[in-house]
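>>> No letters, just coordinates:
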């Protein structure tokens, strides 16, 4: 439920992007390659955004998520200023939805008002629903049961979500890959998002030629 922004709002950097794609260019024309890096809330274990909030609208829960209490936020934007990943956004406008979309809003997601902060939540409403479904069936949550919207929508299986504390989960196994790295790890934010370096097959072929 992220509102549609006008072109002018985007130009003024007042658009809201829960996940943005950074582009990096390599090579010289015409042999140019693009590298893409999805950047979202890193769900830091030592989040710089949390201690600066004067009303504790953002805090760390017992699941390791950096969560946001929308109705507690007073819009100081201190958390935005303190986030080194630039993944927190201020609502400059009251959301206005085209009439055709009125019945398409997700009832599980709170519509954020003007004047408060928001960010990626790892689709916490899907996490809660997955936990509830598993509880009703009297079983544990299985690996792959819960998928945030971005993971479900990605056509190339680039994004993977799971329980990092479960050694048998797909996420845990990928986190052991030698290609792994974390954004700005030197800051000591203890992020919970792990990236894998892309394998450049052409470079490998040239190296072995």
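Here it is on my side, so go on. Just so you know, these numbers come straight off a predicted model, no measurement behind them. Residues are numbered from 1 along each chain as shown.

>>> and the longest helix belonging to the chain, which residues are buried?
Counting residues, the longest helix in the chain under DSSP state H turns out to be helix 124-136. For helix 124-136, a neighbour-count test (16 or more other CB atoms under 10 Å) marks 124, 125, 126, 127, 130 as buried. For glycine as for every other residue, the C-beta is placed from the backbone atoms N, C-alpha and C.

>>> Find me the pLDDT at the third one, would you?
In this prediction, residue 126 carries a pLDDT score of 94.

>>> For the protein, which segments are assigned as strands?
Secondary structure of the chain (DSSP state E): strands at 19-26, 33-40, 58-60, 66-68, 89-90, 117-118, 180-181, 195-196.

>>> As TSV, the ones you listed with mean neighbour count would be great.
Listed next are the strands of the chain as TSV, based on neighbours: other CB atoms under 10 Å:
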stretch	mean neighbour count
strand 19-26	10
strand 33-40	13
strand 58-60	18
strand 66-68	22
strand 89-90	19
strand 117-118	21
strand 180-181	11
strand 195-196	14
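
>>> Let me have the ones you listed in JSON lines, adding distance to residue 137 as columns.
Below are those laid out as JSON lines (distance: least, CB to CB, whole Å):
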{"stretch": "strand 19-26", "distance to residue 137": "31"}
{"stretch": "strand 33-40", "distance to residue 137": "30"}
{"stretch": "strand 58-60", "distance to residue 137": "29"}
{"stretch": "strand 66-68", "distance to residue 137": "26"}
{"stretch": "strand 89-90", "distance to residue 137": "37"}
{"stretch": "strand 117-118", "distance to residue 137": "32"}
{"stretch": "strand 180-181", "distance to residue 137": "33"}
{"stretch": "strand 195-196", "distance to residue 137": "33"}
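
>>> Quick one: the ones you listed as a markdown table, columns for distance to residue 155 and mean pLDDT too.
Shown next, in a markdown table, are the strands of the chain (distance: least, CB to CB, whole Å; pLDDT from 0 to 100):
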| stretch | distance to residue 155 | mean pLDDT |
| --- | --- | --- |
| strand 19-26 | 14 | 90 |
| strand 33-40 | 13 | 92 |
| strand 58-60 | 32 | 93 |
| strand 66-68 | 28 | 93 |
| strand 89-90 | 25 | 93 |
| strand 117-118 | 26 | 94 |
| strand 180-181 | 23 | 94 |
| strand 195-196 | 18 | 95 |
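
>>> Of all the ones you listed, which one is nearest residue 136?
Closest to residue 136 of the strands of the chain is strand 66-68 (CB to CB; 23.9 Å).

>>> List the pairing partners of that closest one within its sheet, with orientation.
Here strand 66-68 has these sheet partners by DSSP bridges: strand 58-60 (antiparallel).

>>> Pull the distance from the strand it pairs with to the chain's centre.
Averaged C-alpha coordinates place strand 58-60 at 15 Å from its chain's average position (CA atoms, centre = their mean, to the nearest Å).

>>> Residues touching it, excluding its own?
When contacts are defined by CB atoms under 8 Å, 6 or more residues apart in numbering, strand 58-60 is touched by residues 45, 47, 49, 50, 53, 66, 67, 68, 69, 73, 79, 117.
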